[in-house]
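# Here is a sequence with its predicted model. Questions after.
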Amino acid sequence: MYDVVSIGAATVDIFVKSSALTLKKKILSLPASSKNEIEDSLICSGGGATNSAVSFSRLGLKSTAISLIGQSHLNQYIFNDLKDNKVDSSLIVQDKKDITDFSVILVAKDGSRSILTNRGQGGLQEKNIPWQKLTKAKWFYITSLEGNLDLLEKLIGFAQEHNIKVSLNPGRRELAQTRRLLPLLQFIDFLLLNQQEAEVLTQLKHDNKDFFPKIKKINNYLTAITNGRLGAHIFTPDQHFYSPIINVNPTDETGAGDSFGSTFVTALIRNKTPQQALFWAIKNSASVVAHLGSKTGLLTLSQINKKTRPITKKPKLKAKKTSK
């Protein structure tokens, strides 16, 4: 029996941090034809499925990851990271005719980063899911399925049939199919979006007076809207909570969303309130961005439980009225 089954991408991430990278007007750049020093580097597994599965394991849950990878000597980074963090890797599917996704992540001095990604041609399909091994799982934690809404619909239906709760952090390709995606969100127990993703789903800017009311209608249960260094909002059917970030010196922002979502779900599994879950998620995300890599700073359960603080209801916002 798994506490959580993480479903989505498994990649190999190559991090390069250099003070030569400069950020100006949202553009991260290096001087042309220059040769620059690297202050820090790391090669490790990445992707929403492995990031969240490791987070769940460090927080004391039994987790596994279902991902499709290709043929590459880099695969060992994925399997080693999962093994070292006591995550079951037996459900990872390998397609020898494809390549394993990998990313080069350029990290600036202030923690901002740009990502270059090389993706394989395939994605998870219904045939890759070992359905009979999942009947007793407690939660599905679903990240990007590379636009495969047929699979998402199948996973949601299977979860309802077997009383499994579902968390969803949709990817860009799922969001591109908004009309078909929206009806499925009514069956999601926890929906995780960043601000840009929420704007895509609502077709409204975040400062529109109808933005938050429309967010609450998208999902019947729990929705989180994260906004990087500006904190996060949590919506229940009748409440709205907000938390600022915990101030840390950012090293690398990669994996902050994965740590937030997986930690929030862990708190729910451990019978915490949405307010308490929000603090847990904020705290683990702060630890992750203070380290290089998406898994390095992930906290254990005992570390999460230290020095808690209250989360208060979010004050009223001044929203802009948009002209029709």
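Perfect, thanks for sending it. Since this is a predicted model, take the numbers as computed values, not measurements.
# CA only for contacts and neighbour counts going forward, please
Fine.
# Tell me the gap between stretch 61-68 and the middle of its chain.
Centroid separation for stretch 61-68 versus its chain: 14 Å, with C-alpha atoms, centre = their mean, to the nearest Å.
# now swap in stretch 280-291 and tell me
Averaging C-alpha positions (C-alpha atoms, centre = their mean) puts stretch 280-291 13 Å from its chain's average.
# Do me a favour and average the pLDDT over that stretch.
In this model, stretch 280-291 has an average pLDDT of 93.
# likewise stretch 12-29?
Across stretch 12-29, the average pLDDT comes to 90.
# Can you list the buried residues in that stretch?
Using 16 or more other C-alpha atoms under 10 Å as the test for burial, stretch 12-29 gives 12-18, 20-22.
# Same question for stretch 204-215.
Within stretch 204-215, the residues scored as buried using 16+ other C-alpha under 10 Å are 204-206, 209-212, 215.
# got a pLDDT number for the spatially closest residue to Leu185 that is not a sequence neighbour?
For Leu185, the nearest residue in space outside its immediate sequence neighbours is Asn219; the separation is 5.6 Å by C-alpha to C-alpha, 6 or more residues apart in numbering. The predicted local distance difference test score for Asn219 is 88.
# how about Asn219, what does it touch?
For Asn219, the contacting residues are 185-188, 191, taking C-alpha atoms under 8 Å, 6 or more residues apart in numbering as the criterion.
# now the strands: where do they sit in the stretch 1-150 of the chain?
Shown for the stretch 1-150 of the chain, the strands assigned by DSSP state E, counting those that start in this stretch span residues 4-7, 11-17, 22-24, 27-29, 40-46, 63-66, 68-69, 93-94, 102-107, 113-118, 139-142.
# picking up where we left off before, out of the contacts of Asn219, which is most surrounded?
Using other C-alpha atoms under 10 Å as the neighbour definition, those reach their maximum at Leu191, which records 25 neighbours.
# which among the buried residues of stretch 12-29 gets closest to Asp258?
When these are compared for distance to Asp258, the smallest value, 14.5 Å, is given by Asp13; criterion: C-alpha to C-alpha.
# Surely the closest one is in contact with Val104?
Yes: between Asp13 and Val104 there is a contact under C-alpha atoms under 8 Å: 6.1 Å.
# before we move on, back to that, how about JSON lines for the buried residues of stretch 204-215, with distance to Val288 and secondary structure added?
Putting the buried residues of stretch 204-215 into JSON lines (distance: C-alpha to C-alpha, whole Å; DSSP: H, G, I helix; E, B strand; the rest coil) gives the following:
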{"residue": "Leu204", "distance to Val288": "30", "secondary structure": "coil"}
{"residue": "Lys205", "distance to Val288": "28", "secondary structure": "coil"}
{"residue": "His206", "distance to Val288": "26", "secondary structure": "coil"}
{"residue": "Lys209", "distance to Val288": "33", "secondary structure": "coil"}
{"residue": "Asp210", "distance to Val288": "33", "secondary structure": "coil"}
{"residue": "Phe211", "distance to Val288": "29", "secondary structure": "helix"}
{"residue": "Phe212", "distance to Val288": "28", "secondary structure": "helix"}
{"residue": "Ile215", "distance to Val288": "27", "secondary structure": "helix"}
